[in-house]
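K.L.:
Here is a sequence together with a model predicted from it:
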Amino acid sequence: MTEAPIACTLSTEDHKARVAELRAVSRWLKHVRHEVGTVHLTYDPVAADRVRDLVQKEQLCCEFLTFDVREDENGFHLTITAPKEVGDTAKVFFENFTTVSV
């Protein structure tokens, strides 16, 4: 089995559209916590369906990332983890998830 490349496979135009989608759901982002190679995001539960949809899309273009979702009374939680060899530079991959649109 070949490892997925550590890169997004979207075209420039598709990437712009995806960033717009990520920024749109950021209005429901309640909390962000970074660890080396991982970001933990908590959204308002009203964003659950939209975030799930984005996770499905991101799994196709960024196969090297691991996405974990769960829900509880505090919100909709998304944890994204990059491969260990990426280290703290993973923040670059998480930037579009953590930038809140105004």
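P.N.:
Received the coordinates, thanks.
K.L.:
Let me know the pLDDT of Val102.
P.N.:
Note on Val102: pLDDT of 53.
K.L.:
Ok, Asp68 next?
P.N.:
97.
K.L.:
again with the one 3 residues further on
P.N.:
Model confidence at Glu71, expressed as pLDDT, equals 95.
K.L.:
Please tell me how far Glu71 sits from Ala48.
P.N.:
6 Å (C-beta to C-beta, to the nearest Å). Just so you know, the C-beta spots here come from the backbone N, C-alpha and C atoms, and that holds for glycine as well.
K.L.:
higher neighbour count, these two?
P.N.:
Neighbour totals were compared for Glu71 and Ala48, and Ala48 leads with 17 against 12 (other C-beta atoms under 10 Å).
K.L.:
Strands along this structure, start to end?
P.N.:
For the chain, applying DSSP state E gives strands covering 29-35, 38-43, 66-72, 75-81.
K.L.:
JSON lines for those, including distance to Arg23?
P.N.:
Formatted as JSON lines, the strands of the chain follow (distance: least, C-beta to C-beta, whole Å):
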{"stretch": "strand 29-35", "distance to Arg23": "10"}
{"stretch": "strand 38-43", "distance to Arg23": "13"}
{"stretch": "strand 66-72", "distance to Arg23": "18"}
{"stretch": "strand 75-81", "distance to Arg23": "15"}
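K.L.:
what's the angle from the helix or strand bottoming out on mean pLDDT in the chain to strand 38-43?
P.N.:
Every helix and strand of the chain was ranked by mean pLDDT, DSSP states H and E. The lowest is helix 91-98, at a mean of 83. Here helix 91-98 runs at an angle of 0 degrees relative to strand 38-43 (axes from the mean of the first three to the mean of the last three C-alpha atoms, to 10 degrees).
K.L.:
quick one: buried residues of helix 91-98?
P.N.:
In terms of neighbour count (16 or more other C-beta atoms under 10 Å), helix 91-98 has its buried residues at Phe93, Phe94, Asn96, Phe97, Thr98.
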